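Engineer: how would this look folded up:
(one chain, ligands or ions: 1)
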Amino acid sequence: MELSDDKLEAIIKLVRQHTGIAMGRHKRVLLQGRLQPRLRALGLDNYGAYIARLAHDRQEVASFINSVTTNDTAFFRTPAVWRWLEREFLPEWAARAESMPLRIWSAAAATGEESYSLAMTCLEARRNFPGLRFEILATDISSDALHTARAALYRGRSVERFERDHPELFRKYLRPVGDAYRVASEVSQYVEFAEHNLLQRPPRVAGFDLVLLRNVLIYFDAEGQQRVLAGARAAMAREARLVLGEQESITRLDTDFVFEQAHVYRIGD
Ligand SMILES: C[S@@+](CC[C@H](N)C(=O)[O-])C[C@H]1O[C@@H](n2cnc3c(N)ncnc32)[C@H](O)[C@@H]1O
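Structural biologist: Residues are numbered from 1 along each chain as shown. Predicted structure coming up:
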C-alpha cells in the first residue's frame, strides 16, 4: 500500500509529535514497511483511516511508536566507553564517594543490553572496590523494547557477539534457556525499567551521576537534540558525566556540556 505525499507528511508529523524523531520524505518506503502490519492488524485499507485512528486510540499510538522507533543495540557497544567506565570513571567514583550509591540512567535503553552491560561492569568493579553500590534506571519510549528488556532473554547475533568478545563475562552472567540466554538475576536485580519519553521531564531532577544517552540524538533535529540534552542536563548531579554515541557530536549545539574525552561530556563551570 503506497503512502501518498499528503499522508506521508501527516505520518511524519505524527512521528515527530509523539517521539521527537525527525524524518524526511525519503523515509517513505521505511514507513510503509513499518506501518503496513499495523493497518493489516486493524483491518484498515488506507492510511487516512489509520491516521484518523491514531487521533483517538492511545493504545494504537503506543503500537505506532513501537513501529517507527529503531531499537538496534548490543552488549558492550562501543568498547572505548566500557574501558573508560572500568578504568577511569568507576575507580574515581569509588575513591570519591564509596559510600554513596552510584545512580545511573540508561536513557533510550532499547532492549536492555546496554543496561545489563552497565550492571555487569559495576559488579566486576566491585572486585577492586567492594563498597561500590549502584542503581540503574533504564528507560525507553518503546513498550515493545522494554518488554524484551524486562524478559532479559537474548538469542542470535546479540549473544554470539557478546560471547565472542567477552567470553568470561558471558559465562559468568548469562544462563542458557533453550535456544536463548537469560541475564542472571544477580545482574538484572540492579536494573529498573520504565517507559519515558525524552521530550518530557526527566525521571529525576539532578538525580543521576552518570547518564548514557547513546545513539538516539541522531534521530532528532537540532531543536529536538537541544531539548533532549536540556532534559539530560536537568537529570544530572553537578559532577555527573554524560555519555553519547559514537556518531553523536554536540559541540555545535548551545548546551551546558563540555567535551571531556571521546563520547564523554561533563557539565561546564
Ligand atoms: C538505536 S536505539 C539505542 C539503544 C542504546 N542506547 C544503544 O546505544 O545501543 C535508540 C532508542 O531510542 C528510543 N527512542 C527514540 N525516541 C525516543 C524518545 N523520544 N524518548 C525515549 N526513547 C526514544 C528508541 O525507542 C530506541 O530504543
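
Engineer: What helix or strand is Leu212 located in?
Structural biologist: According to DSSP states H and E, Leu212 maps onto strand 208-213.

Engineer: Sheet-wise, list the partners of that strand with their directions.
Structural biologist: strand 101-107 (parallel), strand 236-244 (parallel) (DSSP bridges).

Engineer: Give the buried residues for the last one.
Structural biologist: Same thing as strand 236-244. Buried residues in strand 236-244, counted by 16 or more other CB atoms under 10 Å: 236-237, 240-244. Bear in mind the C-beta positions are built from the backbone N, C-alpha and C, glycine included.

Engineer: what's the closest of those to Glu124?
Structural biologist: If you rank the buried residues of strand 236-244 by distance to Glu124 using CB to CB, Val243 comes first, at 17.8 Å.

Engineer: shouldn't the closest one be in contact with Val216?
Structural biologist: No: judged on CB atoms under 8 Å, Val243 makes no contact with Val216 at a distance of 11.8 Å.

Engineer: what residues does the stretch 1-150 of the chain put near the ligand?
Structural biologist: Residues of the stretch 1-150 of the chain lying close to the ligand by CB under 6 Å from any ligand atom are 19-21, 69-73, 77, 108-110, 114, 140-142, 145.

Engineer: buried subset of those?
Structural biologist: Of those, these count as buried by 16+ other CB under 10 Å: 19-21, 69, 71, 73, 77, 108-110, 114, 140-142, 145.

Engineer: So which residues make contact with stretch 126-139?
Structural biologist: Outside stretch 126-139, the residues that touch it by CB atoms under 8 Å, 6 or more residues apart in numbering are 90-91, 93-94, 98-109, 112, 114-115, 118-119, 122, 125, 149, 190-196, 203-204, 208.

Engineer: Go again with 7 Å.
Structural biologist: Contact with stretch 126-139 is made by 94, 98-99, 101-107, 109, 112, 115, 118-119, 122, 125, 149, 190-196, 203, as judged by CB atoms under 7 Å, 6 or more residues apart in numbering.

Engineer: Could you pull up the residues touching the closest residue to Gln226 other than its chain neighbours?
Structural biologist: Among residues not flanking Gln226 along the chain, Leu253 sits closest, at 5.7 Å (CB to CB, 6 or more residues apart in numbering). For Leu253, the contact set (CB under 7 Å, 6+ apart) comprises 222, 225-226, 229.

Engineer: What residues sit buried inside the helix or strand bottoming out on mean pLDDT in the chain?
Structural biologist: Taking mean pLDDT, DSSP states H and E as the measure, the chain has helix 90-97 as its least confident helix or strand, at a mean of 90. Buried positions in helix 90-97, judged by neighbour count with 16+ other CB under 10 Å: 90, 93-94.

Engineer: That one vs strand 208-213, what angle?
Structural biologist: Interaxial angle of helix 90-97 relative to strand 208-213 (axes from the mean of the first three to the mean of the last three CA atoms, to 10 degrees): 160 degrees.
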